[in-house]
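[1] Return a 3D structure for these sequence lines:
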Amino acid sequence: MKTKISSIRLHPVRLLGAISALTLCAFCGFSQPLVAQAVEHDRIARMMLDLQSSPDRWIQIDLTEQKLMAWEGNKVVYAVSVSTGKEGHLTPPGTFAVQTKYEVTRMQGDTYDVPDVPFTMYYYGGYAIHGTYWHDNFGTPMSHGCTNVAVNHAEWLFNWAEVGTPIVVHY
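    Numbering: from 1, shown residues only. Model (predicted):
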């Protein structure tokens, strides 16, 4: 089911807030992991602003909302509920790009072996956006780190995106 979701835009005020938080962390002696998180958040925010200012196609995965949005510049052209990594197998935030695409592939790990995974787009090591036929609990973290999408939505996304399409994953 295709769902329309209002667009999320990062305004300069949010960017200023991220920079202020980073400065506060540096001067108040917060731990390095907190500073690293603030730096990564700022980098992701800047990348989203840059992509929204371009005519390019790009993909946004919101880990908090469990939503994937396909963008063309500053316009959302497709949006769906997804399932990202569950506790212990979290989907890493960051900025990536589609590396490889497979219409059908087999996915294996220590605790799973799933044949015939449709419309798979790898973007970071073993992390991918792919069609999921083994559950329909989209909107809830369920995966071992990948972004699970209903098969019909994965097919649309697979045909829309090219190798090199930017992907922004964030909380």
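[2] hey, where'd the helices end up in this structure?
    12-28, 32-52, 151-160 (DSSP state H).
[3] Excluding its own residues, what touches the shortest one? List them.
    Outside of helix 151-160, the residues within contact range by CB atoms under 8 Å, 6 or more residues apart in numbering are 2, 57, 59, 68, 70, 77-78, 80, 101, 103, 118-119, 121, 129-133, 149. Backbone N, C-alpha and C define where each C-beta goes, glycine included.
[4] swap the cut-off to 7 Å and go again
    Helix 151-160 is touched from outside by 57, 70, 78, 80, 101, 118-119, 121, 129-133, 149, with contacts defined as CB atoms under 7 Å, 6 or more residues apart in numbering.
[5] can you map out the strands along this structure?
    57-62, 67-72, 75-81, 94-97, 100-109, 112-124, 127-132, 147-150, 166-170 (DSSP state E).
[6] Of the ones you listed, give the one that comes closest to Val39.
    Set against Val39 and scored by CB to CB, those come closest in strand 94-97, at 11.6 Å.
[7] Using PDB, write out every CA atom in the closest one.
    Extracted in PDB, the C-alpha atoms of strand 94-97 (Å, rounded to 0.1, in the frame of the first residue of the first chain):
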ATOM      1  CA  GLY A  94      24.900   7.500   7.800                       C
ATOM      2  CA  THR A  95      25.200   8.600   4.200                       C
ATOM      3  CA  PHE A  96      25.700   5.900   1.600                       C
ATOM      4  CA  ALA A  97      24.900   5.100  -2.000                       C
END
